[in-house]
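S.K.: Dropping the sequence and predicted coords here.
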Amino acid sequence: MADRYLSFTGTAPGRFLTRRLGLPQPAPLQRWSPERPSLMGDRLLLTAGKSDLGLTDADARTALGRDLTTAPCGKPAAVVLDATGVRDVETLAEVHAALHPVVRSVAESGRIVVLGAPLESADHHQAAVQQALEGFTRSLGKEIGRGRTVNLVRLADAHAAESTLRFLLSPKSAYLSGQVIEVGSAPADVTAPHDPPHDTDRPLTGRTALVTGGARGIGEAVAETLARDGARVVVLDVPQAEQDARRVADRLGGTALALDITSPDAGARIAAALPDGLDVLVHNAGITRDRRLVNMPAEHWSSVLDVNLASVLRTTDALLESGTLKRGGRIVATASIAGLAGNAGQTNYGASKAGIVGLVRALAPRARAEHGVTVNAVAPGFVETKMTAAIPLFIREAGRRMNSLAQGGLPIDVAETTAWLADPGSSGVNGQVVRVCGQSLLGA
Ligand code: NAD
């Protein structure tokens with residue numbers, strides 16, 4: 001379902017009218033394309049406090065990679081503020097001092113990434129001001145406008161965060177704002193033999209990725225994006241969608257697997273179909289059966305919980321225990337902002353997606369320690385797919401606009417986030433639930 005309002009506000013009369021009426025003015029987002037793989041503008045490295053990272057501009061260039069801002073236009077498009085050295089309220093003022101003069105000039109669809117210190121070892125003064133960075137980031141994200149995003153990365157080691165910074169400072173993260181992402185160290189046991197990636201354009205070369213529900217919508221975009229990044233993809237979907245799954249797989253040079261993920265033997269059948277093992281497991285299949293609890297039949301409850309949560313738990317266990325999921329592997333599950341904030345008419349769906357968050361947080365440390373596998377989740381907000389096209393008009397329009405970017409996301413936005421989590425360079429990202437929601441007001 002096309003966003004006609006977004007197209008209208010892109011015209012001169014549309015801009016005039018919406019400005020006069022005080023209506024939202026969504027900026028067209030710059031997304032990744034082979035023709036425009038980088039942000040348009042300069043890069044700027046700022047510091048607040050005495051940084052422990054010792055990030056020099058040269059380091060930043062290496063850590064931030066070559067994806068960044070190759071087309072100088074006199075305005076910064078990628079601003080990194082190293083605030084890891086902020087330890088008290090006085091030095092917190094340097095955050096204001098660094099960004100206040102710059103914010104106005106940040107290019108359209110530009111990125112601000114604030115680097116913060118991990119909270120675990122901080123005393124209460126340092127913890128207070130490092131936590132303050134979170135409120136700062138989320139507030140700036142809500143006011144900055146013009147398709148610009150602001151995110152906070154808590155990190156101990158700039159090099160472990162390379163893939164994360166490369167993603168956040170690229171057009172691939174167009175719909176991700178107001179997020180706090182923790183990046184730990186990248187232990188050798190979650191790093192496959194050929195890490196770090198030799199080719200940042202195709203970091204998944206030589207890897208196999210399975211995408212459940214890959215025949216359409218977000219899953220199809222995930223399969224496409226992982227294939228773009230070099231993976232051999234296996235597109236799993238229900239037998240009724242086999243033709244579509246095959247069409248997607250053929251286009252991407254992958255294979256289709258017709259399988260209902262709720263089958264008790266789904267894990268065993270996936271393992272049998274992948275004798276050489278699996279590197280990336282994307283749990284994307286999901287359904288909704290919306291009703292308020294008073295009207296909800298038990299079948300609506302059980303089918304949603306079975307597809308969205310129980311089958312994820314079962315297949316994850318089976319593929320880890322059988323060793324199908326290889327060392328250095330990645331699990332990316334799909335939550336939803338409905339699971340974080342709750343949504344009327346979705347007690348079943350909200351429960352299932354909150355369950356995914358619980359699964360990710362509990363399994364991540366264990367899967368890393370025992371199997372060398374990272375476990376993360378994407379939590380989409382309003383994404384333009386057949387699922388959201390079925391929502392009644394007024395509720396759909398509210399869902400689309402109620403975020404800092406005043407528009408819905410596209411399947412590609414969730415897919416790019418999944419590809420970053422699947423990247424061999426993302427070993428330090430574990431147990432994270434990353435919202436891809438344009439900083440939705442729901443549960444913000
Ligand atoms: P979609 O309905 O367009 O696609 C879902 C796919 O999953 C379909 O191809 C379907 O056949 C498949 N599927 C369903 N049950 C299955 C089963 N038992 N076994 C195998 N495959 C099965 O949905 P979408 O909008 O692309 O959503 C994808 C994921 O993102 C879902 O988990 C959904 O809950 C989540 N999500 C979507 C949005 C959004 O705005 N679209 C928001 C938050 C979360």
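M.R.: Noted; the coordinates are in hand.

S.K.: and the spatially closest residue to residue 388 that is not a sequence neighbour, how far is that from residue 43?
M.R.: Excluding its sequence neighbours, the residue lying closest to residue 388 (Cβ to Cβ, 6 or more residues apart in numbering) is residue 382, at 6.0 Å. For every residue, glycine as well, the C-beta is placed using N, CA and C. Counting by Cβ to Cβ, to the nearest Å, the gap from residue 382 to residue 43 is 31 Å.

S.K.: Determine the set of other helices and strands touching the helix or strand where residue 420 lies.
M.R.: Residue 420 belongs to helix 411-422 when assigned by DSSP states H and E. With contacts defined as 3 or more Cβ pairs under 8 Å, 6 or more residues apart in numbering; DSSP states H and E, helix 411-422 has these neighbours: helix 162-168, helix 217-228, strand 278-283, strand 325-334, strand 374-380, strand 433-436.

S.K.: now it, how far from the chain's geometric center?
M.R.: 6 Å (Cα atoms, centre = their mean, to the nearest Å).

S.K.: follow-up on the earlier one: quick one, which of the helices and strands packed on helix 411-422 gets closest to the ligand.
M.R.: The ligand lies closest to helix 217-228 among the helices and strands packed on helix 411-422, at 2.3 Å (Cβ to the nearest ligand atom).

S.K.: Is the closest one positioned near the ligand?
M.R.: Yes - looking at helix 217-228 against the ligand by Cβ under 6 Å from any ligand atom, the contacts come from 217-219.

S.K.: where does the closest residue to the ligand within the stretch 251-400 of the chain fall, helix, sheet strand or coil?
M.R.: Using Cβ to the nearest ligand atom, residue 286 is the residue of the stretch 251-400 of the chain that sits closest to the ligand, at 2.2 Å. The three-state label given to residue 286 by DSSP: H, G, I helix; E, B strand; the rest coil is coil.

S.K.: Correct me if wrong: it contacts residue 305.
M.R.: No - at 11.2 Å, residue 286 does not count as touching residue 305 under the criterion of Cβ atoms under 8 Å.

S.K.: Give me the more crowded residue out of those two.
M.R.: Set residue 286 next to residue 305 and count neighbours by other Cβ atoms under 10 Å: residue 286 wins out with 26 against 16.

S.K.: Now do the same contact list for the more buried one.
M.R.: By Cβ atoms under 8 Å, 6 or more residues apart in numbering, residue 286 lies in contact with 213, 307-308, 334, 336, 352.

S.K.: now do residue 109
M.R.: Contacts of residue 109 by Cβ under 8 Å, 6+ apart are 27, 29-30, 39-40, 77, 146-148, 171, 174.

S.K.: Which secondary structure state is assigned to it?
M.R.: Per three-state DSSP, residue 109 ends up coil.

S.K.: From the chain's centroid, how far away is stretch 117-133?
M.R.: On Cα atoms, centre = their mean, the centre of stretch 117-133 falls 25 Å from the chain's centre.

S.K.: what is the mean pLDDT for it?
M.R.: The pLDDT scores in stretch 117-133 average 93.

S.K.: And the chain, what are its domain boundaries?
M.R.: As recorded under automatic domain parsing, the domains making up the chain are 31-183, 208-436.

S.K.: Lowest mean pLDDT across those domains, which one is that?
M.R.: domain 31-183 (a mean of 89).

S.K.: and that domain, how far apart are its ends?
M.R.: 24 Å (Cα to Cα, to the nearest Å).

S.K.: And stretch 382-393, by the same measure?
M.R.: 13 Å.

S.K.: Kindly report the same for stretch 420-435.
M.R.: Span of stretch 420-435 from end to end, Cα to Cα: 13 Å.

S.K.: follow-up on the earlier one: ok, of the contacts of residue 109, which come out buried?
M.R.: By neighbour count, with 16 or more other Cβ atoms under 10 Å, those hold 27, 29-30, 39-40, 77, 147-148, 171, 174 as buried.

S.K.: what about residue 139, is that helix, strand or coil?
M.R.: From three-state DSSP, the assignment for residue 139 is helix.

S.K.: okay, the helices and strands packed on helix 411-422 in CSV with mean neighbour count next?
M.R.: Putting the helices and strands packed on helix 411-422 into CSV (neighbours: other Cβ atoms under 10 Å) gives the following:
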stretch, mean neighbour count
helix 162-168, 25
helix 217-228, 26
strand 278-283, 27
strand 325-334, 25
strand 374-380, 27
strand 433-436, 24
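
S.K.: Look up phi and psi at the closest residue in space to residue 30 that isn't next to it in sequence.
M.R.: Nearest residue to residue 30, sequence neighbours excluded (Cβ to Cβ, 6+ apart): residue 109, at 3.9 Å. Taking degrees, to the nearest 10, you get phi 60, psi 20 for the backbone angles of residue 109.

S.K.: Bridge partners for residue 113, pull those for me.
M.R.: Beta-bridge partners recorded for residue 113 (DSSP bridges): residue 80, residue 151.

S.K.: In this structure it contacts residue 153, no?
M.R.: Yes - counting by Cβ under 8 Å, residue 113 does reach residue 153; the two are 6.0 Å apart.

S.K.: where do the contact lists of these two overlap?
M.R.: Joint contacts of residue 113 and residue 153 (Cβ under 8 Å, 6+ apart) are 165, 168.

S.K.: just the helices in the stretch 301-444 of the chain please.
M.R.: 311-321, 337-341, 347-371, 386-389, 393-401, 411-422 (DSSP state H, counting those that start in this stretch).

S.K.: in the longest one, what's buried?
M.R.: Residues of helix 347-371 classed as buried under the neighbour-count rule (16+ other Cβ under 10 Å) are 347-357, 359-360, 363-364, 367-368, 371.
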